[in-house]
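Novice: pasting the sequence and the predicted coordinates here, then a few questions.
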There are 2 protein chains.
Amino acid sequence: MAMGMVSIATWNINSVRLRADQVERFLRQEAPDVLCLQEIKTEEKHFPHAVFEAAGYAHRAVHGQKGYHGVATVSRIPLREVSRHDWQDNGEARHVGVELLGPGQGLIVENVYIPAGGDIPDREANPKFGQKLDFLGRMTRWAEALDRPTLIVGDFNIAPLDCDVYDHKALLKVVSHTPIEVETLGQFRDAHGWVDLGRQFIPAPQRNYSWWSYRSYWRDKDQGRRLDHMWASPDVATQARGHRIVEETRKWDQPSDHVPLITEFDL
Amino acid sequence: MAMGMVSIATWNINSVRLRADQVERFLRQEAPDVLCLQEIKTEEKHFPHAVFEAAGYAHRAVHGQKGYHGVATVSRIPLREVSRHDWQDNGEARHVGVELLGPGQGLIVENVYIPAGGDIPDREANPKFGQKLDFLGRMTRWAEALDRPTLIVGDFNIAPLDCDVYDHKALLKVVSHTPIEVETLGQFRDAHGWVDLGRQFIPAPQRNYSWWSYRSYWRDKDQGRRLDHMWASPDVATQARGHRIVEETRKWDQPSDHVPLITEFDL
DNA sequence: GTATCTCCGG
DNA sequence: CCGGAGATAC
């Protein structure tokens, strides 16, 4: 792998068209080399390519669809799109994988948007919940076979640790923090030995939220959850040099319900 | 009638909630005594009363409905709501009549939003077109009986003169400028001897548009139409002292497709 | 609460 | 092209 510092960010933007200005502001301010976006909510033909081009992000892998979901990885350094997994087998655009070609040469960056899973944490009563667990199961079998230095980032829609939510006990029955989800995510982690960079740099039980409901009741009380993650292969994890959450985007006008994460690597 | 200068405005605002800021700006800038709004697109319970109250327009007659149509007359001088005609007999909120109580005492101000009439100018093929003509017919029979000094203003959705559209010949088959509409509006005019103040002050064939389609194709070419009108009883017309179109609102952010008209009266 | 869609209406 | 609506999703 080529030498040099490479910074990689992830952000569930909740409509990239509506927040193109905010993405631009983030890129200007934080200047990550690579940005992985989730919930772009647009087909590629309406992706605001010009905004990224003007900001210097000439390399883009956009996997979009109409209205919902959709992911995009944009980069200042050359990249090659290498995969678009459909772990749900339903045509939803929830993943794009790229390989870095310039600095960081050879690193695989997997950008994923795991399904939210509906409201009721029960496979029978709520098919979406089962689909979420199945999605993770397929990711797990996929991860077992990985043999290249990889970073997987995105909106996992699960807060795994007790301290990843504002009230562990209250959220045990709330989708995103149920024991079965945490357990299933743990199996995914173990399948490759993924290292949770968020907690490597901001150890539990420190506050480390990445998402707040839009409803003012929870937002005003800082009742957040850590749903967004950056996980690295064991080898790649040793190259991570810094990690932060850019929480100030919450104060911008009409913000996303998620905030960006950034990790720096010495690759 | 009491003595004094009274200015009265009309504006199809195309959602008063979305453009409450623009209405406020207009009121601050032009300070009409009375403003008649059409297409407020809200029920009265969601009408932005506070904005008008703060701007000094303490007297309001709001005839709204959910989602579509709706008219409101707001005023710095006291008024009394005197009528809500349903000339289409279908429950749509397209009219409110008030009587001025302070300066201009006794003047009746009728605020009306005549139906657009659909796309096809044919009673059979397009019931909306017939409804528009019927609406005018009922207004005509109503106007025959009027015996008080009256001003009728609003979005008539008809451009009566050849010079009221950017291309008379091309629009002869376009709803808003068809001969049958112009003829039917003429009958309404004659039923009371209404004086078209727009053309009293800006004589034909001067450019005198009040509406431009949102479609950029027409807007960019200044292909407008005069759909908004202020018509006075013969006696009231002699008291009109000035009239203008406030076309600059088109340059504001996210403007209405209509611009306001203002007439000053020495009442 | 925010944002998408499709449909209706202009 | 721009509003509102209701439905759907997070």
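Specialist: Done, it's in.
Novice: what's across from A:L151 in the sheet?
Specialist: Counting by DSSP bridges, A:L151 is bridged to A:V109, A:A232.
Novice: was I right about it contacting A:V236?
Specialist: Yes: using Cβ atoms under 8 Å, A:L151 is in contact with A:V236, at 5.8 Å. C-beta coordinates here come from the backbone N, C-alpha and C atoms, glycine included.
Novice: which residues of the stretch 151-267 of chain A lie near DNA strand D?
Specialist: Applying Cβ under 7 Å from any atom of the strand, one finds that the stretch 151-267 of chain A approaches DNA strand D through A:157, A:214.
Novice: for A:V62, helix, strand, or coil?
Specialist: Following DSSP: H, G, I helix; E, B strand; the rest coil, we place A:V62 in the strand state.
Novice: so who does it touch?
Specialist: Applying Cβ atoms under 8 Å, 6 or more residues apart in numbering or on different chains to A:V62 gives the contacts A:40, A:44, A:47, A:70-72, A:96.
Novice: can I get those in TSV including distance to DNA strand D, neighbour count and pLDDT?
Specialist: Converted to TSV, the contacts of A:V62 look like this (distance: Cβ to the nearest atom of the strand, whole Å; neighbours: other Cβ atoms under 10 Å in any protein chain shown; pLDDT from 0 to 100):
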residue	distance to DNA strand D	neighbour count	pLDDT
A:I40	13	29	97
A:E44	19	16	95
A:F47	18	21	95
A:G70	11	27	97
A:V71	13	29	98
A:A72	17	26	98
A:V96	18	28	98
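Novice: in strands only, show me those.
Specialist: The strands, defined by DSSP state E, take in A:71-72, A:96 from the contacts of A:V62.
Novice: more neighbours: A:L151 and A:V236, which one.
Specialist: Set A:L151 next to A:V236 and count neighbours by other Cβ atoms under 10 Å in any protein chain shown: A:L151 wins out with 29 against 24.
Novice: re earlier: shared neighbours, A:L151 and A:V236?
Specialist: Counting by Cβ under 8 Å, 6+ apart, the shared contacts of A:L151 and A:V236 are A:107, A:265.
Novice: thinking again about what came up before, widest-spaced pair of the contacts of A:V62?
Specialist: With distances taken as Cβ to Cβ, the most widely separated pair in the contacts of A:V62 is A:F47 and A:V96, at 12.1 Å.
Novice: spit out the residues that contact these two alike.
Specialist: Residues touching both A:F47 and A:V96 (Cβ under 8 Å, 6+ apart): A:62, A:72.
Novice: excluding its backbone neighbours, what's nearest A:G242?
Specialist: Nearest non-adjacent residue to A:G242, counting by Cβ to Cβ, 6 or more residues apart in numbering or on different chains: A:E264, 4.3 Å away.
Novice: one more: A:R250?
Specialist: Closest residue to A:R250 apart from its sequence neighbours, by Cβ to Cβ, 6+ apart: A:V259 at 5.9 Å.
Novice: got the contact list for the one you found?
Specialist: A:11, A:210-211, A:228, A:245-247, A:249-250.
Novice: quick check: phi and psi on A:G67?
Specialist: Backbone torsions for A:G67, taken as degrees, to the nearest 10, come to phi 90, psi -50.
Novice: how far away is A:Y57 from DNA strand D?
Specialist: Going from A:Y57 to DNA strand D by Cβ to the nearest atom of the strand, to the nearest Å gives 25 Å.
Novice: what is the neighbour count of that residue?
Specialist: Using other Cβ under 10 Å, A:Y57 has 22 neighbouring residues.
Novice: returning to what we had before: ok, and the most crowded of the contacts of A:V259?
Specialist: A:W11 (29 neighbours).
Novice: isn't A:D196 up against A:W231?
Specialist: Yes: using Cβ under 8 Å, A:D196 is in contact with A:W231, at 5.7 Å.
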